[in-house]
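Enquirer: Give me the fold of what follows.
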Amino acid sequence: MSIATSIENGICRIGFNRPDKKNAITAAMYQALADALVQGGKDEDVKVFLIHGTDDCFTAGNDLQDFLMNPPQGDASPVFQFLHAISTAEKPLVAAVSGRAVGVGTTLLMHCDMVYASEQSKFSMPFAQLGLCPEAASSYLFPALAGYQRAAEALLLGESFSASQAQEMGLVNRVLEADQVIAYALGQCSKLAALPSTSLRTTKMLMKKGNAKVIAERMAEEGIHFKALLNAPEAKAAFKAFLQKAA
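Expert: You can find the predicted model right below:
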């Protein structure tokens, strides 16, 4: 399966599992991610979510070939279902990142409560390079997190940055050796799962409440621009060049 899910000891693990394609995300995978978050949110046995990739890659972001064949059309599109689900999740979200986290692989982390990364991890948001604009409310969240200048450098140039830089910018809690990331993240999840669920959800709600409205509004605005840019000549040319290079 391209998205692997399991529930054990109160932890719902959601894993990108498409290593032959560097865990690139298809529309079907977005739907599976959204469903896992929604169903886990309703499941009393689930206390916390852990999102992770494979040993050498978190996710290469969108599968561009699939994305072009199944472009998002509205709020019911799988990608927007996922973005809504992760941005409104009431239970704690923990991420364990190994290897590359491209595009949405980086922006989804801004909605997680704790993020742990390997020393080899690389983060990038190459939206402008592809003729597109940021998504997942990252145009609001990343400047607030990292400061405007550092966010502008990452979002306008789209160049990759290291795990240590991500930690300096507040995107990552802790940088670990590659073979320790999952185990450490699971340990943190176990601590959360052992705590009273109501107090965890209430604490998270109070921390997130001040930004909830602006995040929803910015995500909707980004979606309008993203869909328009996706059909523009610049994006079509950039996608064509990328796919030819990857072939």
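Enquirer: Can you tell me the SS state at residue 185?
Expert: For residue 185, the assignment made with DSSP: H, G, I helix; E, B strand; the rest coil gives helix.
Enquirer: Just the pLDDT for it.
Expert: The score at residue 185 is 98. That number is its pLDDT.
Enquirer: my guess is it meets residue 98, correct?
Expert: No - between residue 185 and residue 98 there is no contact under CB atoms under 8 Å: 10.2 Å. Glycine gets a C-beta too; all of them are placed from N, C-alpha and C.
Enquirer: what is in contact with those two at once?
Expert: Common neighbours of residue 185 and residue 98 (criterion: CB atoms under 8 Å, 6 or more residues apart in numbering): residue 52.
Enquirer: Quick one: low-confidence residue ranges for this structure.
Expert: Along the chain, segments meeting pLDDT under 70 span 1, 247.
Enquirer: Walking through it, point out its strands one by one.
Expert: 3-8, 11-16, 48-52, 57-59, 93-97, 100-102, 114-118, 122-124, 161-162, 174-176 (DSSP state E).
Enquirer: how about these, which one is nearest residue 220?
Expert: strand 93-97 (21.0 Å; CB to CB).
Enquirer: May I have the residues that are in contact with the most centrally placed residue in the chain?
Expert: Per CA atoms, centre = their mean, the C-alpha nearest to the average position across the chain is that of residue 108, at 2.0 Å. Applying CB under 8 Å, 6+ apart, we find residue 108 in contact with 51, 86, 95, 136.
Enquirer: ok, residues contacting stretch 29-48?
Expert: With CB under 8 Å, 6+ apart as the test, stretch 29-48 has contacts from 1-3, 5, 7, 10-12, 14, 16, 18, 25, 49, 78-79, 81-82, 84-86, 89-94, 189, 192-193, 195, 197, 200.
Enquirer: mind running it again at 6 Å?
Expert: Here stretch 29-48 makes contact (CB atoms under 6 Å, 6 or more residues apart in numbering) with 2-3, 5, 10-12, 14, 78-79, 81-82, 85, 89, 92, 189, 192-193, 197.
Enquirer: quick one: buried residues of stretch 19-30?
Expert: Buried residues in stretch 19-30, counted by 16 or more other CB atoms under 10 Å: 21, 22, 23, 24, 25, 26, 27, 29, 30.
Enquirer: same thing with stretch 159-167?
Expert: Residues of stretch 159-167 classed as buried: 160, 161, 162, 163, 165, 166, 167 (neighbour count, 16+ other CB under 10 Å).
Enquirer: rewinding a little: of the contacts of residue 108, buried ones?
Expert: Neighbour-count burial (16+ other CB under 10 Å) is assigned, among the contacts of residue 108, to 51, 86, 95, 136.
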